[in-house]
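Asks: take this sequence and fold it.
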Amino acid sequence: MPKKNESYKSALSIQKGVNQPEQINKDAITRFRKSKIELLTADAYYDGILQGNRAIFSKAITLVESRLPQHYELAQNVIDKCLPHAGDAIRIGITGVPGVGKSTFIDAFGTYLTRAGKRVAVLAVDPSSKRSGGSILGDKTRMEALSNDPNAFIRPSPSAGSLGGVARKTREIITLCEAAGYDVIIVETVGVGQSETAVYNMVDFFLLLMLAGAGDELQGIKRGIMEMCDALYINKADDNNINKAKIAAAQYRSALHLLPEPPSGWTPVTGICSAISGKGIDEVWNTIREFCVFTKNNGYFEENRKKQNIQIITESIKEQLENDFFSNEAVKSLLPKLEKMTAENKISGYIAAKKLLDAFERSGK
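Replies: Numbers count the residues shown, from 1 in each chain. Reported below is the predicted structural model:
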């Protein structure tokens, strides 16, 4: 032990370090936040979209997806300007059970189309968390080839809790994509329940992907979804799975013949495909083209588009009424109290709703 007042050196002594830089670049964060709130004029968005400026095109989609009230009017102005340049693309909805390989299929299918000279836009709707409201938005990472294709555009969008997982603004984004010159618009559903119905009402052709050997094929999916599909393909028909895929396709073909004739007059097609090997991808595209020719000749294609456009009116009214209701000050002040009373079984949910509606009406909104 050292004597008193004698210096003692230890390997455990604290050495004077160097001043560390700040972990956050405040100037960069300030510039980033400032850039996020800078808006262009409707004409600037419109011109950028028509000129193929991908940066402005992406910003326009972000504007449309925004929930901020101050962005709504500007977004609608941009959409109105783009409407005369929309409507020429083929809109394809693709759905299937989780694990069927939707993203991998779209990657192969989209690449096939771009090689054929088409410009492809993919709107991949990602399911939002019920707890946090967040989304993984991982579809783009699963479409590696298409993500690097200059003739393709992939936009993963959070469903934000909307019906069945379909993004609220998908219809408006389709308009922007068509104005930007994309020939084929693909809308991928999350494959969980009612999202299929929402997508069916905004596309021209509805493709259902299924798996072979995943249980009882004929009990594996709801009849309502099968009634909506224009084509049903068994994906992952690879190697030893090809025979199983053919058997499953035959079973579905028989089942589809028992369903009522669709309003289009088209007989749904069944087949097998493989996103890995590319088998059947060209057949899927030929089926879609045949469907478009068939429905344009009998008038269904145009009538269906008109029906979908009219449906937007009802959906927009519901959305606007809901936004106005929950942003109302009288409703916001009363809602927590009524929620607490309902949770404690002091009043029913119906009575609580009636009180909220009465408060909304009295506010004069």
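
Asks: give the next helix or strand downstream of the helix or strand Asn304 falls within.
Replies: For Asn304, the host element (DSSP states H and E) is helix 300-327. Note on helix 300-327: by DSSP H and E, the next helix or strand toward the C-terminus is helix 329-343.

Asks: what's the angle between that next one and helix 300-327?
Replies: With axes from the mean of the first three to the mean of the last three C-alpha atoms, to 10 degrees as the basis, helix 329-343 and helix 300-327 are set at 90 degrees to each other.

Asks: and helix 329-343, average pLDDT?
Replies: Per-residue pLDDT values over helix 329-343 give a mean of 95.

Asks: please state the offset of the helix holding Asn304 from the chain centre?
Replies: Once both centres are worked out by C-alpha atoms, centre = their mean, to the nearest Å, helix 300-327 turns out to sit 17 Å from its chain's centre.

Asks: that one packs against which elements?
Replies: Here helix 300-327 is seen to pack against helix 281-297, helix 329-343 when contacts are counted using 3 or more C-beta pairs under 8 Å, 6 or more residues apart in numbering; DSSP states H and E. All C-beta atoms are positioned from the backbone trio N, CA, C, and that covers glycine.

Asks: now, of these, which is deepest in the fold?
Replies: When those are scored by mean count of other C-beta atoms under 10 Å, the highest mean neighbour count falls to helix 281-297 (a mean of 16).

Asks: re the thing from before, which positions in the helix holding Asn304 come out as buried?
Replies: Of all the residues in helix 300-327, those buried under the rule 16 or more other C-beta atoms under 10 Å are Tyr300, Phe301, Asn304, Gln308.

Asks: now do stretch 39-51
Replies: Of the residues in stretch 39-51, those buried by neighbour count under the rule 16+ other C-beta under 10 Å are Leu40, Ala42, Tyr45, Tyr46, Gly48, Ile49, Leu50.

Asks: now the spatially closest residue to the second one that is not a sequence neighbour. Its backbone dihedrals?
Replies: Closest residue to Ala42 apart from its sequence neighbours, by C-beta to C-beta, 6 or more residues apart in numbering: Asn77 at 4.0 Å. Summarising the backbone geometry of Asn77 under the convention degrees, to the nearest 10, its torsions are phi -60, psi -40.

Asks: tell me how far Asn77 lies from Gln51.
Replies: Applying C-beta to C-beta, to the nearest Å, the value for Asn77 to Gln51 is 18 Å.

Asks: what do you get for Ala275?
Replies: The separation that Ala275 has from Gln51, given C-beta to C-beta, amounts to 34 Å.

Asks: now the angle between helix 281-297 and the helix holding Asn304, please.
Replies: On the basis of the same axes, to 10 degrees, helix 300-327 is oriented at 90 degrees to helix 281-297.

Asks: offset the numbering so it begins at 4, please.
Replies: Renumbered: residue one is now 4, and that last one reads helix 303-330.

Asks: show me what contacts Asn246?
Replies: By C-beta atoms under 8 Å, 6 or more residues apart in numbering, the contact set of Asn246 is empty.

Asks: could you do Arg308 as well?
Replies: By C-beta under 8 Å, 6+ apart, Arg308 lies in contact with Gly90, Asp207.

Asks: can I get the helices and strands packed on helix 303-330 in a markdown table with distance to Ser319?
Replies: Rendered in a markdown table, the data for the helices and strands packed on helix 303-330 read as follows (distance: least, C-beta to C-beta, whole Å):
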| stretch | distance to Ser319 |
| --- | --- |
| helix 284-300 | 26 |
| helix 332-346 | 21 |
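
Asks: ok, now which ones touch Ile109?
Replies: Residues near Ile109 by C-beta under 8 Å, 6+ apart: Ile97, Val125, Ala127, Met146, Leu149, Ile189, Glu191.

Asks: apply 6 Å and report the result again.
Replies: Contacts of Ile109 were listed using C-beta atoms under 6 Å, 6 or more residues apart in numbering, and they are Val125, Ile189.

Asks: low-scoring stretches of the stretch 104-253 of the chain, by residue?
Replies: Counting by pLDDT under 70, the stretch 104-253 of the chain contains low-confidence residues at 128-144, 160-171, 193-198, 217-226.

Asks: go with 80
Replies: Along the stretch 104-253 of the chain, the model assigns pLDDT under 80 to residues 128-145, 159-171, 193-199, 216-227.

Asks: show me where it has strands.
Replies: Counting by DSSP state E, counting those that start in this stretch, the stretch 104-253 of the chain has these strands, from start to end: 123-129, 155-161, 187-191, 208-213, 234-237.

Asks: possible to save these as a markdown table with mean neighbour count and distance to Thr173?
Replies: A markdown table is the format used below for those (neighbours: other C-beta atoms under 10 Å; distance: least, C-beta to C-beta, whole Å):
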| stretch | mean neighbour count | distance to Thr173 |
| --- | --- | --- |
| strand 123-129 | 25 | 6 |
| strand 155-161 | 22 | 7 |
| strand 187-191 | 25 | 6 |
| strand 208-213 | 24 | 14 |
| strand 234-237 | 26 | 21 |
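
Asks: want to throw those strands into TSV with distance to Phe329?
Replies: Listed next are the strands of the stretch 104-253 of the chain as TSV, based on distance: least, C-beta to C-beta, whole Å:
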stretch	distance to Phe329
strand 123-129	23
strand 155-161	19
strand 187-191	27
strand 208-213	33
strand 234-237	40
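
Asks: for Ile354, find the nearest of these.
Replies: strand 155-161 (33.8 Å; C-beta to C-beta).

Asks: next, the angle from the closest one to strand 123-129.
Replies: Inter-element angle recorded for strand 155-161 and strand 123-129: 20 degrees (by the same axes, to 10 degrees).

Asks: still on that earlier bit, since we're on the residue nearest to Ala45, how many residues are nearby?
Replies: For Asn80, the tally of surrounding residues (other C-beta atoms under 10 Å) stands at 15.

Asks: so how far is Pro263 from it?
Replies: Using C-beta to C-beta, Asn80 is found at 43 Å from Pro263.

Asks: all good on my end, thank you.
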